[in-house]
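In: Sequence first, then the predicted structure, then my questions.
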Amino acid sequence: GHVLLETKPPSYFESILKGAGNKLVVVDFTATWCGPCKQIGPQFVALSEQAENKEVVFLKVDVDEAEDVSSQCKISCMPTFHFYKNGEKVFEFSGANLATLKSKLEELR
C-alpha cells in the first residue's frame, strides 16, 4: 500500500478501481481547509505503510481539486471514506474515526 493522490478526472479514479481487481481500495475524500481531515490524514498515510496493508490501495481525493469525482461519489462532508472491492463500493463512513477505519481495513482487506 501507498497513498495515491487523486487530482485527475473521474476516468482515472475508475481506472484505479478497475486496476485494483479484488484488492481493497480505500478512498479518503479530504479537503485542505477541513480540521478533522488534517488530523486523520497522517494516520491514513501511516496505515498505508503497514505491512498488513501492502495489498490495499490507498487513495486520497481532494474534493476541491477533484470536484467531478467528489460529486460523482456524492460526497457531502469531509472526511468521508469509501471502501471498494472489484469496482463496487462495499462500505462508507464519514468523520475522522480512526477506529472504524482500522476495523474495516482488517475486515475487508
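Out: Structure's in. What do you need?
In: Same question for the spatially most central residue of the chain, what's its three-state structure.
Out: By Cα atoms, centre = their mean, the chain has its centre lying nearest to residue 27, at 1.1 Å. Of the three states, residue 27 takes strand according to DSSP: H, G, I helix; E, B strand; the rest coil.
In: which residues in this structure form strands?
Out: Using DSSP state E, the strands of the chain run over 3-6, 24-30, 57-62, 80-85, 88-94.
In: State the mean pLDDT of the second one.
Out: The average of the pLDDT scores along strand 24-30 is 96.
In: wouldn't residue 30 be in contact with residue 82 here?
Out: No: if you go by Cβ atoms under 8 Å, residue 30 and residue 82 don't touch, sitting 11.9 Å apart. The way it works is simple: take the backbone N, C-alpha and C, and place the C-beta from them, glycine included.
In: More neighbours: those two, which one.
Out: Legend: neighbour count by other Cβ atoms under 10 Å for residue 30 and residue 82, higher for residue 30 (28 against 20).
In: Identify whichever of the strands of the chain lies nearest to residue 72.
Out: strand 57-62 (10.3 Å; Cβ to Cβ).
In: Tell me what residue 3 is bridged to.
Out: Beta bridges link residue 3 to residue 58 when assigned by DSSP bridges.
In: neighbours around it, how many?
Out: 18.
In: how about it, what does it touch?
Out: 44, 45, 48, 58, 59, 60 (Cβ atoms under 8 Å, 6 or more residues apart in numbering).
In: Now render the strands of the chain as a markdown table, adding distance to residue 15.
Out: What follows is the strands of the chain, written out as a markdown table (distance: least, Cβ to Cβ, whole Å):
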| stretch | distance to residue 15 |
| --- | --- |
| strand 3-6 | 11 |
| strand 24-30 | 11 |
| strand 57-62 | 12 |
| strand 80-85 | 13 |
| strand 88-94 | 15 |
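In: Which of those strands has the lowest mean pLDDT?
Out: Lowest mean pLDDT within those: strand 3-6, at a mean of 68.
In: from the chain's centre, how far out does stretch 68-88 sit?
Out: Between the mean C-alpha location of stretch 68-88 and the chain-wide mean there is a distance of 8 Å, by Cα atoms, centre = their mean, to the nearest Å.
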